[in-house]
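**Student:** Got a sequence here, can you build the structure:
(2 chains)
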Amino acid sequence: MRLSSLPIATQKEAPADAEIISHKLMLRAGLIRKLAAGIYSWLPLGLRVVRNVERIVREEMNRAGGLEVILPSVHPGALWHETGRWDIYGPELLRFKDRHDREFCYGPTHEEVMTDIARRELRSYRQLPVIFYQIQTKFRDEIRPRFGVMRAREFVMKDAYSFHIDDASLQETYQVMYEAYSRIFERTGLRFRSVMADSGAIGGDVSHEFHVLADSGEDAIVFSNGSDYAANIEATPAPVPEGHRPAPGATMEKIATPDTHTIEEVSAMLNVPASACAKTLFVCGHEKDTVVALIIRGDHELNAIKAAKLPEVADPLQMANTAQIRKIANSNPGSVGPVGLQCKVYADHSAAHLSDFVCGANEDGFHLRNVNWVRDLPEAATADLRNVIAGDASPDGSGTLEIARGIEVGHIFGLGTKYSAPMKATVLDRTGKNVAMPMGCYGIGVTRIVAAAIEQNHDEGGIIWPTAIAPFQIVIVALNLQKSAKLREAAEALYQRLSSQGYDVLFDDRDARPGVKFADCELLGIPVRLVIGERGLDAGTIECRGRRDSDNENIAMAALDDYLRKKLQITS
RNA sequence: CGGGGCAUAGCGCAGCCUGGUAGCGCGUCUGCUUUGGGAGCAGAAGGUCGGGGGUUCGAAUCCCUCUGCCCCGACCA
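**Tutor:** Have a look, this model is predicted:
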């Protein structure tokens, strides 16, 4: 592509509403443009990256035995009623009606549609297992779209679904897909990690997530320094304290703590560590108008996924509002505690292990000190309610846990018959009996990978694309073309030659000053830059520089092919 | 959804408090000069100040309302 024919100008300043680096750079480089909140257009350079990611995904899906399809993005509501998800999916499901007043939705995921295909087409165990996949636009009406295409409402996803005669076959395919995913992310050139995950709303028992590692990631992922244990923090069990709870010491006393609301403030005022405080959180109960109290040690954080699994607690987790808290605790948030509560109380294992702890007194401006379970309040039901913290023992018993940030770009699930049973997607087994097919589903956020790649790979100058997904492998910068016909001929010839050799080449043939061209090269992040100027022309050399290099290399024209092969070593 | 904020040229912003002919930087266009790290000079185009309503002789500015967008939020107990 000739840059002179691309009518998209790069920008020095990013729009004020872009917050994270990938969003800013994508806008400045002209990869995307916003149409509405969470809805983006992909411009030529951005689309090339998307297509490269898609190509890798498609190749590996095909290699894993997947069959590509394209399913409709608009779904009849009736299909979603069959599985009950029309009612439980919530406002993220974009619903609308056609001219006949019939219900439809824009597909946020395609289990229903895929299962409908399966139940129509699949008749016999002899046809199984089968993997269908598609690469297609999804829409999820996110509460708060943000971070550009990272958390967009409309996005491109690869979703695959597998159908099986039994769980053993599902597990086999699950493993195949796990390996395919690992290859996909290796081939993108990104640093990634697979972790065990909570299967969440989609259901099933086995589940792994694939995360691109980046400090700006929204997810916390946990791994052991003593084993290969790795999991999403949501799914990591916290260790249960060992040994007996220390015996109660001094008598419980009430102390005035005016204007002291947070654990930090309380622990500073009373000069006790946060780990000797108990914080009380009220969440909405499963039964209407009930609340449940959750007690967590002061230095710990509530894990919403774990809490929502408690039988008395509403799923998804919803915090009680101030009015509900006042009603049950007789005080405002900031002074609440577990002593004397009339509602169901759960204590995290670590909180249940506390003796002589500090907590709110259920009276505004007061806290209690030297509080003890059994002696001062009934023993609470215990559960794992907290996020693990760095240094906790690994759940598999070897090593301690460390925490890193990640961007979730892939997720695979063993679904079982969660969809096939209600939708009656059955086949005949060897004995001639109808059985519901266990299913797996496997997703990759194609457009999110593009943003994640930038989050992980950028510098002050701009994007640094991994070669495999870069919009172009090579950029030819021709300096002062207008001054020398000879220079122009040489640049043209090089562009033609490299293009015909199969390289994706961007030719900066604009009549712009050198500084402008160099700055754009860095912003666009093309892996290899070749500069043609008067300097090397007569000497028969060309100036080469990798995007991450700090210096130029002058390569003899004859040696250019070797240089490029080495620099761009493309894995496949 | 709750709370906060913003909306003025393609992008970034000022002007608003204290009402009186809409500005700056970048970008764009023309010309000349310049040409190895986002050039200089001269000129130009481009805005119904998000929409609607009100107050006023007069509204970007004050008031009401609608819309759009952004940020924060279940981690405060």
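**Student:** Flag the shaky bits of the stretch 301-450 of chain A, pLDDT-wise.
**Tutor:** For the stretch 301-450 of chain A, applying pLDDT under 70 flags no range at all.
**Student:** Go again with 90.
**Tutor:** A:303-336, A:340-343, A:363-366 (pLDDT under 90).
**Student:** Enumerate the residues of it near RNA strand B.
**Tutor:** Contact residues, the stretch 301-450 of chain A versus RNA strand B (Cβ under 7 Å from any atom of the strand): A:301-304, A:316-320, A:325, A:333-337, A:359-360, A:387. From N, CA and C alone the C-beta is placed, and that goes for glycine too.
**Student:** Buried among the residues you listed? Make that a ChimeraX selection.
**Tutor:** In ChimeraX, this line selects whichever of these come out buried by 16 or more other Cβ atoms under 10 Å:
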select /A:302,303,304,317,319,320,325,333,334,335,336,337,359,360,387
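**Student:** Quick one: mark the members of the residues of the stretch 301-450 of chain A next to RNA strand B that sit in strands.
**Tutor:** A:359, A:360 (DSSP state E).
**Student:** I'd like the distance between residue A:144 and RNA strand B.
**Tutor:** 5 Å (Cβ to the nearest atom of the strand, to the nearest Å).
**Student:** Specify the local secondary structure of that residue.
**Tutor:** Classification of residue A:144 by DSSP: H, G, I helix; E, B strand; the rest coil places it in coil.
**Student:** how close does it get to residue A:101?
**Tutor:** According to Cβ to Cβ, to the nearest Å, residue A:144 and residue A:101 sit 31 Å apart.
**Student:** cool, residue A:357 as well?
**Tutor:** For residue A:357 relative to residue A:101 (Cβ to Cβ), the value is 59 Å.
**Student:** What of residue A:434?
**Tutor:** 36 Å.
**Student:** Between these two, which has more neighbouring residues?
**Tutor:** More neighbours surround residue A:434 than the other of residue A:434 and residue A:101, with 9 against 6 (other Cβ atoms under 10 Å).
**Student:** and the closest residue to that one other than its chain neighbours, how many neighbours?
**Tutor:** Counting by Cβ to Cβ, 6 or more residues apart in numbering, residue A:426 is the residue found nearest to residue A:434 once chain neighbours are left out, at 4.3 Å. Counted with other Cβ under 10 Å, the neighbours of residue A:426 add up to 18.
**Student:** Any chance of the backbone angles for residue A:426?
**Tutor:** Backbone geometry at residue A:426, expressed as degrees, to the nearest 10, gives phi -120, psi 160.
**Student:** do you know how far it is from RNA strand B?
**Tutor:** 36 Å.
**Student:** can I assume that residue is in contact with residue A:119?
**Tutor:** Yes - distance between residue A:426 and residue A:119: 7.2 Å, which falls inside the contact criterion (Cβ atoms under 8 Å).
**Student:** Now for the two: what residues contact both?
**Tutor:** Common neighbours of residue A:426 and residue A:119, using Cβ atoms under 8 Å, 6 or more residues apart in numbering, are residue A:420.
**Student:** Which residue does the stretch 151-300 of chain A have closest to RNA strand B?
**Tutor:** In the stretch 151-300 of chain A, the residue that lies nearest RNA strand B is residue A:263 (2.8 Å; Cβ to the nearest atom of the strand).
**Student:** I am finished for the moment; much appreciated.
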